[in-house]
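Chemist: please work out how this folds:
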Amino acid sequence: MRYFHGKKSAISPEAPSARGFAWFFGQVTSGADLSDKAEVRHEGRCGKCARKLTTPESVDTGFGPECSDQLGIEWATRTEGHKFNVADFMVAGNAIFTVTSKKTGTRFTYRVRKGKDESAPYFVSVLTGSDNESDYRYLGTIFP
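Modeler: Okay, here's the model as predicted:
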């Protein structure tokens, strides 16, 4: 997978939110351990369908029970302490998550959505206002 900053993005590739996502994506796709560099939290919604997560297992994994089954996360795994997998969550199709730098405390909320079909790219946006539904601005594209 590769991330490209969008040519039509109103946000400069040098903006902290754009540089932050490019760094974060590189770290996640390389399998780097982020535990001492950043904290990543989902926003309480399933990464695949965006429904509100209501059970401890769903909150731990970032996916509701039906979506977990579709993605191959077995019930036994979820109930035995399966942890939030950032890479899987990010490309599940409808992910909203916040990344906070442990060094500076800077945080950005990103949304990654899959295009309409299986071969479509993912579109990355960053939250630029206070409304978690409409204040996202396009950053770039992830190609599978």
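Chemist: biggest helix in the protein by residues?
Modeler: Longest helix in the chain, counting residues (DSSP state H): helix 16-30.
Chemist: so who does the residue nearest to Gly64 when sequence neighbours are not counted touch?
Modeler: The shortest distance from Gly64 to any non-neighbouring residue, by C-beta to C-beta, 6 or more residues apart in numbering, is to Cys46 (4.5 Å). Using the backbone N, CA and C atoms, a C-beta is placed for each residue, glycine as well. Contact analysis of Cys46 by C-beta atoms under 8 Å, 6 or more residues apart in numbering lists 52-53, 58, 62-64, 67, 92, 94.
Chemist: likewise Arg41?
Modeler: Applying C-beta under 8 Å, 6+ apart to Arg41 gives the contacts 84, 97-98, 100.
Chemist: look at it and tell me its secondary structure.
Modeler: In three-state terms, and counting by DSSP: H, G, I helix; E, B strand; the rest coil, Arg41 is strand.
Chemist: thinking again about what came up before, flag every buried residue along the longest helix of the chain.
Modeler: For helix 16-30, a neighbour-count test (16 or more other C-beta atoms under 10 Å) marks 17-18, 20-22, 24-25, 27-28 as buried.
Chemist: list the helices and strands that helix packs on?
Modeler: Helix 16-30 is packed against strand 2-5, strand 38-42, helix 86-90, strand 94-101, strand 107-114, strand 122-127, strand 136-143, with contacts defined by 3 or more C-beta pairs under 8 Å, 6 or more residues apart in numbering; DSSP states H and E.
Chemist: format these as TSV; extra columns: mean pLDDT.
Modeler: Formatted as TSV, the helices and strands packed on helix 16-30 follow (pLDDT from 0 to 100):
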stretch	mean pLDDT
strand 2-5	96
strand 38-42	91
helix 86-90	88
strand 94-101	94
strand 107-114	94
strand 122-127	96
strand 136-143	96
